[in-house]
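Asks: Sequence below, structure please.
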Amino acid sequence: MKTAPIIISSLQLILCLLLSLHYKIPIVAGQSSSQDCSALDSQREKTTTMPYEQDGAEAKEIAKYLPYFPFKGIDRFYDIGGFLEKPEVFQQIVDIFAARYDTIGIDAVAGLDARGFILGPPIALALKKPFIMMRKKGKMPNSISSEDYNVEYGKRSGLTVQRDKINKGDRVLIIDDLVATGGTLSSAISLVHMCGGTVVECACVVELKMFIDPPADSGIPSRTQLFKGMDINHVPVWGLISEDVLTVEAKLHEDYKDDGEEH
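Replies: The predicted structure follows:
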């Protein structure tokens, strides 16, 4: 009569051990199997419940503080300065990203030169993870470089990262303000892979969906085709806000002119 409970307990222990390995939660000596499984069930629930969605209620509210300007020959250049001057909005963005990646689980946050240096550090601090700079060439010692890449308004030299910042097997989150053609992100992904790390996700405040997979005859660069050509199409990209809800046109002064320069 005592055989069934023993079998159930053994199966329960095996299940807990397997889940422990998958979710990297240690089994504590002296702790009951039911306590172990409760902790593991909680972690499993966290990884399958993803807070916030693109263009959701929070995103629509934040979009009010992302005006667009005619800049660098682009009709709609989205300016993050709109929400940076609103501490409560900036904090909300940090909280949203921290909640998402606390759920997913990462080892480090890599921010892209230059706006990723604004967004990345507070997110890294909120997650208590290291922040890694990915800079333009010639800005950091002891660095390696990716190849040159194209963006929606010109060509860029490859990004660089210091050699000792990403270790083999590290789960890295890449942060930038906006993704369009994906050129800058592709350069950053290459750097992480060169160091032996894994890109968990590329995250941006704004994602321009028109560049994801446009018709072949549209003349618009395709991020999907770029990633496929570089064999990085397995790397997910997530943006909080898309152009679908970015409708605030900046109020321009009478003497406004498009003085954006290649840099």
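
Asks: contacts, neighbours, all on C-alpha from now
Replies: Noted.

Asks: Helices of the stretch 151-263 of the chain, start to end?
Replies: Using DSSP state H, counting those that start in this stretch, the helices found in the stretch 151-263 of the chain span residues 183-194, 223-229.

Asks: what comes into contact with the longest one?
Replies: Think helix 183-194. 112, 134, 144-151, 158-161, 166, 172, 174, 179, 198-199, 202, 223, 226-227, 232 (CA atoms under 8 Å, 6 or more residues apart in numbering).

Asks: Buried only: go through those residues for me.
Replies: 112, 134, 144-146, 149-150, 158-161, 166, 172, 174, 179, 198-199, 202, 223, 226-227, 232 (16 or more other CA atoms under 10 Å).

Asks: Inside strands: which ones of those residues?
Replies: 112, 134, 144-145, 149-150, 159-161, 172, 174, 179, 198-199, 202 (DSSP state E).

Asks: Out of those residues, which comes closest to W238?
Replies: Using CA to CA, C202 comes nearest to W238 of these, at 6.2 Å.

Asks: which ones are touching that closest one?
Replies: Here C202 is in contact with L173, I174, I175, D176, L185, V235, P236, V237, W238 (CA under 8 Å, 6+ apart).

Asks: can you pull up the bridge partners for the closest residue to the last one other than its chain neighbours?
Replies: It stands for W238. Nearest non-adjacent residue to W238, counting by CA to CA, 6 or more residues apart in numbering: A203, 4.9 Å away. Taking DSSP bridges as the rule, A203 bridges to I175, W238.

Asks: doesn't D176 make contact with A203?
Replies: Yes - between A203 and D176 there is a contact at 6.5 Å, judged by CA atoms under 8 Å.

Asks: Quickly list what's touching both of those two.
Replies: Counting by CA under 8 Å, 6+ apart, nothing touches both A203 and D176.

Asks: Go ahead and flag the most central residue of this structure.
Replies: A203 (2.2 Å; CA atoms, centre = their mean).

Asks: residues contacting it?
Replies: With contact set as CA under 8 Å, 6+ apart, A203 has these partners: L173, I174, I175, D176, V237, W238, G239.

Asks: ok, of those residues, which one's closest to A63?
Replies: For those, the nearest to A63 is G239 (12.2 Å; CA to CA).
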